[in-house]
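Peer 1: mind looking at a prediction? Sequence and model below.
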Amino acid sequence: QVQLVESGGGLVQAGGSLRLSCAASGRTLSSYAMGWFRQAPGKERDIVAGITWSGGTYYADSAKGRFTMSRDNAKNTVYLEMNSLKPEDTAIYYCAVYSSRVIRGTPSYWGQGTQVTVAS
């Protein structure tokens, strides 16, 4: 059973930064793509960033230039560094793991989410 546990969310002022972490157990992540998603109230869950097994990254337009996703295979952990945060970044952020090496389709496992709130 794969478990993903996110941490690092919180309340931050606009323009500030946060670093989210996602630690995995039950599966070695190094062979799988990972993703960060977010869901704001009343909206669908959308991908924010993804990383392939080899470290290639994808970013949604809203995240480009501000967010950086990385992975530490030795720690079985992925990160999302978020800078220049805006009120519209407010959402629950979810970590997810795909069942493939690339960012494709729907992830197989999800974390419980961590709240990010950006105050104006």
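Peer 2: Good, I have the coordinates. Numbers count the residues shown, from 1 in each chain.
Peer 1: list the contacts for the residue nearest to Y98 when sequence neighbours are not counted?
Peer 2: Among residues not flanking Y98 along the chain, A33 sits closest, at 4.2 Å (Cβ to Cβ, 6 or more residues apart in numbering). Quick note: C-beta positions are derived from backbone N, CA and C, even for glycine. Residues counted as contacts of A33 (Cβ atoms under 8 Å, 6 or more residues apart in numbering) are 50-53, 97-98, 100-104.
Peer 1: bridging across strands, which residues link to the residue nearest the centre of the chain?
Peer 2: Centroid-nearest residue in the chain: W36, 2.4 Å away (criterion: Cα atoms, centre = their mean). When assigned by DSSP bridges, W36 has beta-bridge partners A49, C95.
Peer 1: separation between it and S120?
Peer 2: 23 Å (Cβ to Cβ, to the nearest Å).
Peer 1: and what of S21?
Peer 2: Counting by Cβ to Cβ - S21 and S120 are separated by 26 Å.
Peer 1: got the phi and psi for the residue nearest to Y98?
Peer 2: phi -80, psi 150 (degrees, to the nearest 10).
Peer 1: can you tell me how far it sits from E81?
Peer 2: Taking Cβ to Cβ, one finds A33 at 18 Å from E81.
Peer 1: now swap in Y32 and tell me
Peer 2: 21 Å.
Peer 1: with neighbour numbers in mind, choose between those two.
Peer 2: The neighbour comparison of Y32 against E81 (other Cβ atoms under 10 Å) goes to Y32, with 22 against 15.
Peer 1: ok now do that one, which residues does it touch?
Peer 2: So Y32 contacts 53, 97-101 (Cβ under 8 Å, 6+ apart).
Peer 1: show me how to select, in PyMOL, the buried members of these.
Peer 2: Buried residues among those (16 or more other Cβ atoms under 10 Å), as a PyMOL selection:
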select buried, resi 53+97+98
